[in-house]
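In: What would the 3D arrangement of this be:
(chains A and B)
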Protein chains: 2
Amino acid sequence: MADEALFEFLHMEVVSYLFKTADEEKCIPILENMGYRVGHSLAERFTKDSSRFKDELDIMKFICKDFWTSVYKKQVDNLRTNHQYLAFPCGLIRGALANLGISCIVTAEVQNMPACKFQIMIQRSQ
Amino acid sequence: MADEALFEFLHMEVVSYLFKTADEEKCIPILENMGYRVGHSLAERFTKDSSRFKDELDIMKFICKDFWTSVYKKQVDNLRTNHQYLAFPCGLIRGALANLGISCIVTAEVQNMPACKFQIMIQRSQ
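Out: Reported below is the predicted structural model:
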């Protein structure tokens, strides 16, 4: 719980710092990119002792279940369901999947508060 | 462990982003200030159900023992014992103490790796 709060508070500070200092249209990509790099490193760490995933479905299950719940523990709360606060988790998922060999675009959309839906579009190499 | 890694990786990204984009002499104060605000909020959360502290010594014990160990769990590792990485924890301590009514200056110094010594100078109102 302490760690969780530590991450949440730092995340809020980063969002607020960026929106104060960077051009507004750059903030979301910067946050998404930070999320990407963090997700990439986390996936590396989480899977270092796991056996190889069977296929994409197996990877997706890992991301939705183990990865997400160990990172966030609970549902994203409604304070953070706006685009400022969704850029980082989108990047986090994209980075984790990249580390596991899946190249994708991740977007988030809020239909019914406080739930949030992430959409993952897998990019297949031609 | 997942949360811990999440915080650590985000912290590394923030440090690296700042040193890439902000003037070098501003990075340390920015990080210290983020730490301050995070520490302030954390102290608020950690103590909301505690009884009032008896005196300064009591507060210091709380910071050194409960607060620090619930935040960092372990000693700061040697990858982070340089000034870039110490600004945030210095601010964190300063913010937590400010929340508990103690105004101070916190500095850090590395004498024997990987240990790091924090010095807290309490500022008494005249």
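In: okay, the lowest-mean-pLDDT helix or strand in chain A in CSV with CA atoms only?
Out: Every helix and strand of chain A was ranked by mean pLDDT, DSSP states H and E. The lowest is helix A:68-72, at a mean of 75. Presented in CSV, the C-alpha positions along helix A:68-72 are these (Å, rounded to 0.1, in the frame of the first residue of the first chain):
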residue,chain,number,x,y,z
TRP,A,68,-2.1,-5.8,-14.8
THR,A,69,-3.1,-7.0,-11.4
SER,A,70,0.5,-7.0,-10.0
VAL,A,71,1.0,-3.5,-11.3
TYR,A,72,-2.3,-1.9,-10.4
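In: Name the next helix or strand following that helix along the chain.
Out: Next helix or strand after helix A:68-72 toward the C-terminus (DSSP states H and E): helix A:83-99.
In: Report the buried residues of that following helix.
Out: For helix A:83-99, the buried set under the neighbour-count rule, 16 or more other C-beta atoms under 10 Å in any protein chain shown, comprises A:84-99. In short, each C-beta sits where N, CA and C put it, glycine included.
In: Same question for stretch A:49-69.
Out: A:Phe53, A:Ile59, A:Met60, A:Phe62, A:Ile63, A:Phe67, A:Trp68.
In: For the fifth one, give me its contacts.
Out: I take that to be A:Ile63. By C-beta atoms under 8 Å, 6 or more residues apart in numbering or on different chains, the residues touching A:Ile63 are A:Ile93, A:Ala96, A:Leu97, A:Leu100.
In: quick one: which of these is nearest to chain B?
Out: When the contacts of A:Ile63 are compared for distance to chain B (C-beta to the nearest C-beta), A:Ala96 wins out at 11.4 Å.
In: Around chain B, which positions in chain A sit nearby?
Out: A:2-7, A:9-11, A:13-14, A:17, A:21-22, A:30, A:34, A:37-38, A:41-42, A:45-46, A:70-71, A:73 (C-beta under 8 Å from any C-beta of the partner chain).
In: Can you turn the buried part of those into a PyMOL selection?
Out: Of the residues of chain A next to chain B, the buried ones go into a single PyMOL selection, burial set by 16+ other C-beta under 10 Å:
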select buried, chain A and resi 2+3+4+5+6+7+9+10+11+13+14+17+22+30+34+37+38+41+42+46+71
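In: Thanks a lot, catch you later.
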